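Trainee: below are the sequence and a predicted model for it; my questions follow.
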Amino acid sequence: MLVISIIAGYFAVVNLLGFALMGIDKRRAVKRLWRIPESTLFIIAIIGGSLGSILGMQIFRHKTRHWYFVYGMSAILLLQIIAVVALLKSPIEFSIM
């Protein structure tokens, strides 16, 4: 049960980070300050924060005009969902102590 808690905590933190970074970058864009690099926003999505990043994009209306963000973030989320489903349906047993 501890492993599931750690994994759930990791995904909660990284999705919250993706959401927050979208909000911070939007605020900095409005104020014409130094911006968070787009590569950083994508890396956060790739390491598990895609859902938080997508929600941040929609709520803050940030990066929604950039096709590579709209389709890229959605593609990352879709690939992550497929990977989780494939792992759960695989013949390999995951034992949780």
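Mentor: Nice, I can see it.
Trainee: next, the buried residues of the lengthiest helix in the chain.
Mentor: Ranked by number of residues, the top helix in the chain under DSSP state H is helix 2-30. Buried residues in helix 2-30, counted by 16 or more other Cβ atoms under 10 Å: 11, 14-15, 17-19, 21-22, 24-26. Bear in mind the C-beta positions are built from the backbone N, C-alpha and C, glycine included.
Trainee: next helix or strand past it?
Mentor: helix 38-44 (DSSP states H and E).
Trainee: how far is that next one from where the chain is centred?
Mentor: Put simply, helix 38-44 sits 9 Å off its chain's centre (Cα atoms, centre = their mean, to the nearest Å).
Trainee: what do you get for stretch 66-84?
Mentor: Per Cα atoms, centre = their mean, the centroid offset for stretch 66-84 relative to its chain is 9 Å.
Trainee: what distance do you get for the closest residue to Thr40 other than its chain neighbours to Ile4?
Mentor: In this structure, Thr40 finds its nearest non-sequential neighbour in Leu21, 7.2 Å apart by Cβ to Cβ, 6 or more residues apart in numbering. Applying Cβ to Cβ, to the nearest Å, the value for Leu21 to Ile4 is 26 Å.
Trainee: where does this protein dip in pLDDT?
Mentor: 1, 94-97 (pLDDT under 70).
Trainee: from the contact counts, what lies against the helix or strand where Ala83 lies?
Mentor: Secondary structure from DSSP H and E places Ala83 in helix 67-89. Packing partners of helix 67-89 (3 or more Cβ pairs under 8 Å, 6 or more residues apart in numbering; DSSP states H and E): helix 38-44, helix 50-60.
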